[in-house]
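In: Pasted the sequence and its predicted model underneath.
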Amino acid sequence: MKTVVDKVGSRFEWMSRDEITEFQGAALRTSVARAARSPHYSAKFDELGIDPNDIRLTKDITRLPFTTKEDLRLSYPDKMLTVDREQVVRLHTSSGTTGKPTAIMHTQQDIDCWAELMARCLAMTGATSQDVFQNMSGYGMFTGGLGLHYGAERLGMLVIPAGPGQTARQIMLIRDFGVTCIHSTPSYFMHVAEKMIQDGDDPKPLGIERAFCGAEPYTEELRAKLQDLYGCRVYNSYGLSEMMGPGVAFECTYQDGMHVWEDAYLVEIIDPETLEPVKEGAVGELVMTTLRREAMPIIRYRTRDLTSILGGECRCGRKHARMARFVGRSDDMLIVGGVNVFPSQIEEVIMRNDWLGGNYVIQLAKQGALDKMTVKVEIAQAVFDGSLDNIRTKRDELANQVKDQVGFTVNVEVVEPGSLPASEGKAKRVMDER
């Protein structure tokens with residue numbers, strides 16, 4: 001059954017595969033031609049001898065160069081802009097490791113498109129104008145908060161722009177206004193639940209029906225724990241500032257992969273080493289091209305996020321491609337003693353143990369010439385009796401589970417509830433002191 005409200009304007013949502021392919025070909029031609037107006041792509045195409053008119057079909061995308069985060073930094077502040085500054089109504093920036101930010105600019109048409117995509121995402125989970133939406137994500141230069149805010153308003157929800165932090169106030173607002181939908185990072189949503197439990201409270205009677213979580217990688221085990229604590233459905237959200245922000249891909253009510261809105265984005269999965277397409281269904285790096293961006297079209301952007309495209313069609317009936325849960329980022333992979341490790345592997349083990357809370361930190365240090373990994377994790381408030389003396393056996397079991405997962409011995413420390421720093425934004429899980 002079609003669930004999206006007519007006023008969202010989502011004529012694209014129920015396209016057939018043939019319609020998607022036809023639309024993408026025309027949209028790609030427009031997007032490449034528009035990109036060629038920018039100083040960055042004009043120079044790049046000239047350097048490589050690329051004529052935008054030669055790009056006719058989606059398969060021609062491989063003839064175009066990749067765009068990287070470094071390209072965006074070097075193009076700062078406006079060398080990727082394709083319209084006059086007077087047409088720009090919104091600017092978002094993100095800081096880089098060198099201190100040089102990346103800047104993404106939008107026309108009003110871009111903002112309207114973003115709101116439509118995001119409203120489409122929310123409606124796909126069953127949310128309607130009858131819902132009350134509390135946004136516990138950051139605002140400002142961070143795109144996450146504003147993206148869902150405008151999408152929820154477009155859908156007609158009552159929106160509470162709470163932002164992150166002030167946990168007691170968040171809980172009060174949820175209760176006082178009958179909040180049914182939440183947007184948060186998974187780590188902060190877990191923190192709110194654990195704070196309630198520490199105070200002798202129970203998250204379930206809050207009445208939250210849906211939570212939209214993204215902005216940081218998290219495991220299926222953490223999702224299951226959140227759903228159990230709150231008694232709600234937790235939906236995966238994916239987006240990045242370079243592609244507008246949230247609204248790139250979202251789960252429907254079946255929670256079986258995230259639907260990528262292919263009317264707005266052309267998706268490729270490549271081997272991050274060879275830069276060649278991976279075999280169908282294989283894990284690789286996600287590469288995206290904007291198809292409806294007016295101010296700053298971006299061609300073949302290397303996201304560094306690792307995922308795969310799921311086969312078959314979703315039971316919901318939408319024909320847009322579905323992405324699997326992200327494995328991690330190619331640049332987030334840790335190399336410990338020559339072994340490749342993703343933080344999500346550690347989280348997966350932690351979340352399988354009910355006697356543990358949701359907060360943890362991975363510390364990396366040198367012990368002589370060798371790498372040493374220490375995992376610090378909080379014990380769950382429900383099983384904490386004021387002493388950690390009786391959990392030695394459980395700690396050893398956890399250490400063995402982690403070793404089985406990553407392939408080498410890891411030092412495990414179990415600490416009291418609330419003793420590790422709580423993150424209100426994106427959780428910082430890794431402290432590399434090597």
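Out: Happy to help now that I have it.
In: Next up, the contacts around residue 189.
Out: 136, 182, 211, 213, 226, 230, 234 (C-beta atoms under 8 Å, 6 or more residues apart in numbering). Where you see a C-beta, it was placed from the backbone N, CA and C, and this is true even at glycine.
In: in the strand or helix carrying residue 30, what's buried?
Out: Counting by DSSP states H and E, the element that carries residue 30 is helix 17-35. Neighbour-count burial for helix 17-35 flags 20, 24-25, 27-29, 31-32, 34-35 (criterion: 16 or more other C-beta atoms under 10 Å).
In: Quick one: neighbours of residue 317, just the number.
Out: Residue 317: 11 surrounding residues under other C-beta atoms under 10 Å.
In: Identify the residue nearest it in space, chain neighbours excluded?
Out: Using C-beta to C-beta, 6 or more residues apart in numbering and skipping residues adjacent in sequence, the residue nearest residue 317 is residue 14, 7.3 Å away.
In: Kindly export the next helix or strand after the helix holding residue 30 (C-alpha atoms) in PDB.
Out: Toward the C-terminal end, the helix or strand that comes next after helix 17-35 (DSSP H and E) is helix 39-48. Taking Å, rounded to 0.1, in the frame of the first residue of the first chain, the C-alpha atoms of helix 39-48 are listed here in PDB:
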ATOM      1  CA  PRO A  39      35.400  26.100 -12.100                       C
ATOM      2  CA  HIS A  40      36.400  22.800 -10.500                       C
ATOM      3  CA  TYR A  41      34.700  20.400 -12.900                       C
ATOM      4  CA  SER A  42      35.300  22.600 -16.000                       C
ATOM      5  CA  ALA A  43      39.100  22.500 -15.300                       C
ATOM      6  CA  LYS A  44      38.900  18.700 -14.500                       C
ATOM      7  CA  PHE A  45      37.000  17.800 -17.600                       C
ATOM      8  CA  ASP A  46      39.300  19.900 -19.800                       C
ATOM      9  CA  GLU A  47      42.300  18.200 -18.200                       C
ATOM     10  CA  LEU A  48      41.000  14.800 -18.900                       C
END
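In: Which parts of the longest strand seen in the chain count as buried, going by neighbours?
Out: Using DSSP state E, we find that the single longest strand of the chain is strand 356-367. Residues 356-362, 364 are the ones in strand 356-367 that count as buried (16+ other C-beta under 10 Å).
In: again, but for stretch 334-348
Out: 334, 336, 341-348.
In: same deal with stretch 44-64?
Out: 44-45, 50, 52, 55, 58, 61, 64.
In: Equivalent analysis for stretch 230-246, please.
Out: 230, 232-246.
In: and these, which of them are in helices?
Out: residue 230 (DSSP state H).
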